[in-house]
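Peer 1: I'd like to go over a predicted model; first the sequence, then the structure.
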Amino acid sequence: MSKSYLSHRVANLKPSGIRKFFDIAATMKDVISLGIGEPDFVTPEPILEAGVRSLRAGETHYTSNAGIFELRKAIAQHLERLYGVSYDPANEVIITVGVSEGLYLAANALLNAGDEVIIPTPCFVSYQAEVELAGGVPVEVAGNIDENFDLNPQRVAAAITPRTRAMLLGYPNNPTGAVASRQTLLDVAKLAQEHDLIVMSDEIYDRLVYGVQHVCFAALPGMKERTVLLGGFSKDYAMTGWRIGYAAGPAEIIKGMVRVHQYTIMSAPTVSQTAALYAIEKGEEHVQRMVAEYDRRRRLIVNGLNEIGLRTFEPRGAFYAFPQISATGLDDDTFATRLLNEHSVAVVPGSAFGAGGAGFVRCSYATAYEKLEEALDRIERFVKKL
C-alpha cells in the first residue's frame, strides 16, 4: 500500500523504547528483566477476593461515567488523610483506566492546538506522546545527575513562553527514582501562579518512597485550584493488570475530563473499581510490606551498581535505579542491546525517557532479590569485559 492513511500525529509518534527491549527479551531464554516497571508481586489475596466477590455478586454492568461514588469518596478521604488536601468526591474526582488514561483525559480537556507543555525529563515515555496526541507541543527541560535529577526551577522558568499552557510533572520519578524536594516544588508552584499555568502531576508512585516524605503538589498553598492530580493502584497495591486509576482536580476540569472519558471509555471496569475500593480502605498493611521489600532491593542494586563502577545516585522513590554508563565507552542503546544479547539482562536505554537520559539506563528493581543478585553478577561480567 503506497499511501498511508495514518494521521500525521500518529505517524510521527516515536515507538516506546521500553517495549522494544521487552519484546526482544520475551523471545529469549534465561533473561532477567530489569526493563518493565511492574511489581513482581501478585495482587494481595484479600484484594483479589474482593474482585471475585464482585463478579459472583453479578456486578458486571457499567458504573457511572465518573466511577463508583464509594470509591471516589474513599479516594478523597485517602488524599485528605495523607496530604491534607480536600476534594468533593461528587465533582472533583474521576475514576480512570489507569493513570495513562487520566493523563490522556487531562491533556485533551486542557490543551488547544499549539499549546506548550513543559515536561521535566527524563520522564515516563508517554508524557510527550500524550501531549502531542492532544495537539500540544512538549517542551523538555533536562535534569542531571549532579542535582540528583531534582527539578530545576530556573530551567523551568527559562522554558516558559507566551504559548505555555501547562506543566507535566512526574515525582517520584520514572525512570530516575528522584523525589522532588518541597522547596523545589514550592518554587515551581510560584511559577505556575505567576504565569497562570495548569499543572498535571503524576503521583502514581506516591507511596513508594524511602526515608523521605512525598510532597503532594496539589496540597501546596494555592495549588489545588490549578492542579490535576493523577494517581492509581497499579504500583502501590500491585494491581497493574486491573487498569484502575483516578484524577482529582477543580470541578470544571474534572467535568471536562468526564466528557472526554464518556465518549472514549464510558466507565472504568466495574470489578477493578470494587477491588480498588477494598484496597484503599483495607490494604495498607500490604502496601507497607511491599515498600519494605522494595527498599531492601533498592539498597542492593544501588550499592551493587556503584561497586561495579556505574555511577548511580540514590533513588528515593518508585522502584528504579538510573546508573550512568557513559564510562564504559558505549552509548546507552548499545549498552542495553549488548547486555541483553551477551548476558541476558534487559534494561532500558535512558535516551528513551527524553532529554537528560542519554548515557544512562533504567534498571527496575521490581523483581526478586535473588534475580537482582544474579543480574548484578552478569552486569559486572559485562562491564569488566568492556
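Peer 2: Sure, I can see it.
Peer 1: what ranges does the chain have for its strands?
Peer 2: 32-33, 93-96, 116-121, 137-142, 164-170, 198-202, 227-232, 245-248, 320-321, 345-346, 348-349, 361-364 (DSSP state E).
Peer 1: domains in this structure, by residue range?
Peer 2: Under automatic domain parsing, the residue ranges defining each domain of the chain are 8-43+285-385, 45-282.
Peer 1: please state the offset of the longest one from the chain centre?
Peer 2: Here domain 45-282 shows a centroid-to-chain-centroid distance of 9 Å under the convention CA atoms, centre = their mean, to the nearest Å.
Peer 1: on that earlier part again, redo the strands of the chain as CSV? Include distance to Met290, mean neighbour count and mean pLDDT.
Peer 2: C-beta: built from backbone N, CA, C; applies to glycine. As requested, the strands of the chain are exported to CSV (distance: least, CB to CB, whole Å; neighbours: other CB atoms under 10 Å; pLDDT from 0 to 100):
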stretch, distance to Met290, mean neighbour count, mean pLDDT
strand 32-33, 19, 24, 93
strand 93-96, 22, 28, 98
strand 116-121, 27, 25, 98
strand 137-142, 31, 19, 98
strand 164-170, 20, 24, 98
strand 198-202, 20, 25, 98
strand 227-232, 15, 28, 98
strand 245-248, 18, 28, 98
strand 320-321, 15, 27, 98
strand 345-346, 22, 23, 96
strand 348-349, 22, 28, 96
strand 361-364, 14, 28, 98
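Peer 1: my guess is Leu133 meets Arg9, correct?
Peer 2: Yes. If you go by CB atoms under 8 Å, Leu133 and Arg9 touch, sitting 5.9 Å apart.
Peer 1: out of those two, which sits in the busier spot?
Peer 2: Ranked by neighbour count (other CB atoms under 10 Å), Leu133 and Arg9 place Leu133 first, with 17 against 12.
Peer 1: quick revisit: could I get the strands of the chain as JSON lines with distance to Leu103?
Peer 2: Formatted as JSON lines, those follow (distance: least, CB to CB, whole Å):
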{"stretch": "strand 32-33", "distance to Leu103": "25"}
{"stretch": "strand 93-96", "distance to Leu103": "9"}
{"stretch": "strand 116-121", "distance to Leu103": "11"}
{"stretch": "strand 137-142", "distance to Leu103": "12"}
{"stretch": "strand 164-170", "distance to Leu103": "8"}
{"stretch": "strand 198-202", "distance to Leu103": "7"}
{"stretch": "strand 227-232", "distance to Leu103": "6"}
{"stretch": "strand 245-248", "distance to Leu103": "9"}
{"stretch": "strand 320-321", "distance to Leu103": "19"}
{"stretch": "strand 345-346", "distance to Leu103": "25"}
{"stretch": "strand 348-349", "distance to Leu103": "20"}
{"stretch": "strand 361-364", "distance to Leu103": "19"}
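Peer 1: tell me which of these approaches Thr264 most closely.
Peer 2: The closest of these to Thr264 is strand 93-96. By CB to CB, the value is 10.6 Å.
Peer 1: elements contacting the closest one?
Peer 2: Here strand 93-96 touches helix 69-83, helix 98-110, strand 245-248, helix 251-264, going by 3 or more CB pairs under 8 Å, 6 or more residues apart in numbering; DSSP states H and E.
Peer 1: with distance to Ser33 added, can I get these in CSV?
Peer 2: Compiled in CSV, these are given as follows (distance: least, CB to CB, whole Å):
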stretch, distance to Ser33
helix 69-83, 32
helix 98-110, 20
strand 245-248, 24
helix 251-264, 31
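Peer 1: of all these, which one is nearest Tyr320?
Peer 2: Proximity to Tyr320 (CB to CB) singles out helix 98-110 among those, at 16.0 Å.
Peer 1: between that closest one and strand 116-121, how big is the angle?
Peer 2: Counting by axes from the mean of the first three to the mean of the last three CA atoms, to 10 degrees, helix 98-110 lies at 150 degrees to strand 116-121.
Peer 1: using CSV, write out the CA atom coordinates for helix 98-110.
Peer 2: Presented in CSV, the C-alpha positions along helix 98-110 are these (Å, rounded to 0.1, in the frame of the first residue of the first chain):
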residue,chain,number,x,y,z
GLY,A,98,-5.0,3.7,35.0
VAL,A,99,-3.0,6.9,35.2
SER,A,100,-2.4,6.6,31.5
GLU,A,101,-6.0,7.3,30.7
GLY,A,102,-6.1,10.0,33.3
LEU,A,103,-3.2,11.8,31.5
TYR,A,104,-4.9,11.4,28.2
LEU,A,105,-8.1,12.9,29.5
ALA,A,106,-6.3,15.8,31.2
ALA,A,107,-4.3,16.6,28.1
ASN,A,108,-7.4,16.5,25.8
ALA,A,109,-9.5,18.5,28.3
LEU,A,110,-6.9,21.2,28.8
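Peer 1: ok so, going back, which of the domains of the chain comes out lowest on mean pLDDT?
Peer 2: In terms of mean pLDDT, the lowest-scoring of the domains of the chain is domain 8-43+285-385 (a mean of 93).
Peer 1: and it, end to end?
Peer 2: For domain 8-43+285-385, the first-to-last residue distance is 44 Å (CA to CA, to the nearest Å).
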